[in-house]
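Student: predicted coordinates and the sequence they were generated for:
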Amino acid sequence: MEKEFLINVTPSETRMAVLEDGKLVELSKESHTAQRQVGNIYRGKVENVLPGMQAAFIDIGMEKNAFLFIDDLRSEAGDDVPASISDLLREGQEIIVQLVKEPMGNKGARVVTNLTIPGRYLVLMPTVDYIGVSRRIEDEKERERLKKIASHLKPKGMGLIIRTAAEGLGEEDLTADRDFLFNLWQKILKKAKKGPTPALLFHDHDLLYRVLRDLFTAEVDRLVIDDLATYEKALDLLGFLGPHLRNKVQLFTGHSLFSVYGVEQQIEEALRRKIWLESGAYLVFDQTEALTVVDVNTGKYTGSTCLEDTVLHTNLAAAKEIARQIRLRNIGGIIVIDFIDMCDEENRKQVLACLAQELQKDKVKTNILGFTSLGLLEMTRKKTRPSLREQLQQPCSHCEGTGYKYSLETQAARTERRIIELCTDCPRDEALLIGVNTTLAALLIGPGGTRLNALEKMMKKTVFIRGKDDIPPAEARVIAAGTREEIQALALPVKEGERLEVEVLEPHMNNPADGIARLEGYIIDVENGGRFAGQRVKVKIQKMFKTYAKAVIED
């Protein structure tokens with residue numbers, strides 16, 4: 001099986017795709033303004049203790065308090081634990097916790113007190129005395145060898161887990177990783193003794209670092225990156241994370257990495273309710289907060305021998321695709337699969353074995369419970385972060401039955417990628433005037449033009465954005481291309497000294513006395529116009545800039 005990692009970098013986000021034999025099986029994305037929180041360690045304060053739920057709510061500085069269950073306290077406290085959580089925690093108490101599940105929907109984050117600090121080859125567990133070896137290392141002699149090394153390296157009173165990447169390595173390599181993690185823990189302890197509460201004590205690394213540390217092993221055939229700076233950073237990180245893997249890193253210099261590899265299309269398919277199989281059968285995914293139901297249908301597939309054979313072949317193909325879709329969509333919680341009814345018990349076992357084999361490729365813990373008396377297959381999958389749908393879409397009442405549409409930020413990111421393609425298609429032009437949907441123009445320009453400036457720096461071109469209501473979201477069109485002077489004359493919708501009537505939409509974020517109006521996505525800063533929010537006023541343009549103009553109210 002050929003396994004590839006693709007990393008796509010734009011000014012607003014980084015995306016990582018995992019391909020197995022050309023098929024997308026996992027997708028991760030990280031906004032450059034809102035990084036992932038799983039793995040972070042906090043000094044928090046106990047806000048509420050709820051004996052009836054055997055849980056507590058911990059203030060870690062987020063909008064909603066984090067949830068701490070008593071089972072996540074017990075192993076730290078020992079075996080002789082009082083029956084009630086109120087005997088372990090009190091309101092106002094300070095406590096060090098680690099975030100293991102991000103906030104989702106109306107629920108706050110989930111935290112534990114048993115901390116884990118991952119390295120390249122080891123995971124340090126500073127709060128529990130334990131030695132473990134990755135289940136993916138199957139050779140018993142190798143497991144025993146690594147376990148013996150871990151017993152020598154384990155700091156007193158702490159635990160170590162040997163990661164899959166440590167297979168075949170000597171004690172010297174593992175010692176260096178142990179020392180790094182132990183020193184990091186000492187820094188966390190030192191930071192925990194001072195400063196306000198709540199406080200962030202440790203922030204896990206960015207997406208690139210986590211990919212190289214946790215996922216990039218000898219099993220991966222290649223890592224393809226479409227950004228030179230990120231490519232060079234990856235080579236530098238691999239200098240100490242895995243020098244033997246540097247030759248597997250490639251720089252993509254072509255046009256649209258994810259499109260070339262067919263990833264964009266597969267992302268679109270993964271957000272659909274219905275998935276067609278090559279045979280003509282299809283799957284239907286109905287996803288709720290805690291439960292997902294998958295329905296298998298023969299569709300256009302009629303088989304060639306008998307009904308039972310048709311059903312078996314459909315269910316086997318469905319099992320493989322369901323396992324892939326569960327990983328790709330990052331579905332967690334309870335999963336119920338309604339395979340087509342099978343009369344033969346051996347056929348049921350064959351389908352069950354096929355699903356189990358495919359799920360072994362999934363690094364997230366799954367548990368297959370088997371078929372119920374109604375012929376439904378039950379399974380669970382650990383949920384630690386939002387599903388693909390929750391990451392990329394938001395509720396919508398006009399979405400052809402899915403209940404979701406792309407969020408404004410995702411639409412802006414998609415439009416941004418389209419603008420990058422348009423800039424690439426115009427290599428000789430110094431500047432471009434690009435039309436986008438009016439609702440996205442301000443987002444693409446960013447506060448003070450920061451996002452547009454980053455895009456221009458990346459593309460080495462001057463870009464002007466104009467909002468147009470007739471352009472669909474996530475699309476972008478070149479209105480004009482040429483020299484900077486030519487395009488600037490066309491791009492700016494107003495002129496100095498011009499008088500016009502505008503609607504003040506809102507007070508200025510940093511200077512509430514002023515008001516903000518927009519004309520084709522172009523911002524007009526109205527001096528002393530904040531009090532006229534929601535009203536139309538007559539203004540005179542005083543001074544113009546690339547992304548906004550200053551105006552005064554005319555009497």
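Tutor: That came through fine.

Student: next, residue 474: secondary structure please.
Tutor: Under DSSP: H, G, I helix; E, B strand; the rest coil, the three-state class of residue 474 is coil.

Student: residues near it, how many?
Tutor: 18 (other C-beta atoms under 10 Å). Yep, even glycine has a C-beta here, placed from its N, CA and C like the rest.

Student: where does the protein dip in pLDDT?
Tutor: Within the chain, the stretches with pLDDT under 70 are 74-82, 301-305, 397, 400-401.

Student: strands of the stretch 201-350 of the chain, start to end?
Tutor: Counting by DSSP state E, counting those that start in this stretch, residue ranges of the strands within the stretch 201-350 of the chain are 222-225, 249-251, 274-276, 282-287, 291-297, 333-338.

Student: among those strands, show me which one is buried the most.
Tutor: strand 222-225 (a mean of 20; mean count of other C-beta atoms under 10 Å).

Student: quick one: list the elements packing against that strand.
Tutor: strand 3-9, helix 228-241, strand 249-251 (3 or more C-beta pairs under 8 Å, 6 or more residues apart in numbering; DSSP states H and E).

Student: among the ones you listed, which is nearest residue 483?
Tutor: helix 228-241 (26.9 Å; C-beta to C-beta).

Student: would you turn the strands of the stretch 201-350 of the chain into CSV with distance to residue 326?
Tutor: Listed next are the strands of the stretch 201-350 of the chain as CSV, based on distance: least, C-beta to C-beta, whole Å:
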stretch, distance to residue 326
strand 222-225, 24
strand 249-251, 29
strand 274-276, 12
strand 282-287, 9
strand 291-297, 8
strand 333-338, 7
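
Student: nearest to residue 476, of those strands?
Tutor: Minimum separation from residue 476 across those (C-beta to C-beta) falls at strand 222-225, 24.1 Å.

Student: what's in contact with that closest one?
Tutor: The contact list for strand 222-225 (C-beta atoms under 8 Å, 6 or more residues apart in numbering) reads 4-7, 9, 211, 216, 231, 234, 245, 248-252, 257, 261.

Student: how about a cut-off of 7 Å?
Tutor: 4-7, 216, 231, 234, 248-252, 257 (C-beta atoms under 7 Å, 6 or more residues apart in numbering).

Student: can you lay out the residues you listed as TSV showing distance to residue 439?
Tutor: Shown next, in TSV, are the contacts of strand 222-225 (distance: C-beta to C-beta, whole Å):
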residue	distance to residue 439
4	36
5	34
6	30
7	29
216	38
231	34
234	36
248	42
249	38
250	37
251	35
252	31
257	27
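
Student: which of those residues are buried?
Tutor: 4, 5, 6, 7, 216, 231, 234, 248, 249, 252, 257 (16 or more other C-beta atoms under 10 Å).

Student: for residue 531, state which of these is nearest.
Tutor: Distance to residue 531 across those (C-beta to C-beta) is lowest for residue 7, with 48.0 Å.

Student: mind checking how far the closest one is from residue 500?
Tutor: Look at residue 7 and residue 500: by C-beta to C-beta, to the nearest Å, they are 46 Å apart.

Student: quick check: beta-bridge partners of the closest residue to residue 456 other than its chain neighbours?
Tutor: Of all residues not flanking residue 456 in the chain, residue 463 sits nearest, at 5.4 Å (C-beta to C-beta, 6 or more residues apart in numbering). For residue 463, the beta-bridge partners are residue 432 (DSSP bridges).

Student: and residue 405, by the same measure?
Tutor: residue 394.

Student: can you get me a residue count around it?
Tutor: 19.

Student: same thing with residue 232?
Tutor: 13.

Student: which ones are touching it?
Tutor: Listed by C-beta under 7 Å, 6+ apart, the contact set of residue 232 is empty.

Student: from residue 548, how far out is it?
Tutor: From residue 232 over to residue 548 the distance is 35 Å, taken as C-beta to C-beta.

Student: same question for residue 430.
Tutor: Taken as C-beta to C-beta, the span from residue 430 to residue 548 is 22 Å.

Student: what segments of the stretch 51-200 of the chain are strands?
Tutor: According to DSSP E, counting those that start in this stretch, the strands that the stretch 51-200 of the chain contains are 55-59, 66-69, 94-101, 110-112, 117-118, 122-125, 131-133, 159-162, 199-202.

Student: show me the one of those that comes nearest residue 16.
Tutor: strand 117-118 (17.1 Å).

Student: which other helices and strands contact that closest one?
Tutor: For strand 117-118, the packing partners by 3 or more C-beta pairs under 7 Å, 6 or more residues apart in numbering; DSSP states H and E come out as helix 171-192.

Student: just the CA atoms of the helix it packs on, as PDB, please.
Tutor: What follows is helix 171-192, C-alpha atoms only, in PDB (Å, rounded to 0.1, in the frame of the first residue of the first chain):
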ATOM      1  CA  GLU A 171      19.000   3.200  24.200                       C
ATOM      2  CA  GLU A 172      21.100   6.200  23.200                       C
ATOM      3  CA  ASP A 173      18.300   7.600  20.900                       C
ATOM      4  CA  LEU A 174      15.600   7.000  23.500                       C
ATOM      5  CA  THR A 175      17.700   8.600  26.300                       C
ATOM      6  CA  ALA A 176      18.000  11.900  24.300                       C
ATOM      7  CA  ASP A 177      14.200  11.900  23.900                       C
ATOM      8  CA  ARG A 178      13.700  11.100  27.600                       C
ATOM      9  CA  ASP A 179      16.000  13.900  28.600                       C
ATOM     10  CA  PHE A 180      14.100  16.400  26.400                       C
ATOM     11  CA  LEU A 181      10.700  15.400  27.800                       C
ATOM     12  CA  PHE A 182      11.900  15.500  31.400                       C
ATOM     13  CA  ASN A 183      13.400  18.900  31.000                       C
ATOM     14  CA  LEU A 184      10.200  20.100  29.400                       C
ATOM     15  CA  TRP A 185       8.200  18.800  32.400                       C
ATOM     16  CA  GLN A 186      10.500  20.700  34.800                       C
ATOM     17  CA  LYS A 187       9.800  23.900  32.900                       C
ATOM     18  CA  ILE A 188       6.100  23.300  33.100                       C
ATOM     19  CA  LEU A 189       6.400  22.700  36.900                       C
ATOM     20  CA  LYS A 190       8.400  25.900  37.300                       C
ATOM     21  CA  LYS A 191       5.800  27.900  35.300                       C
ATOM     22  CA  ALA A 192       3.000  26.400  37.400                       C
END
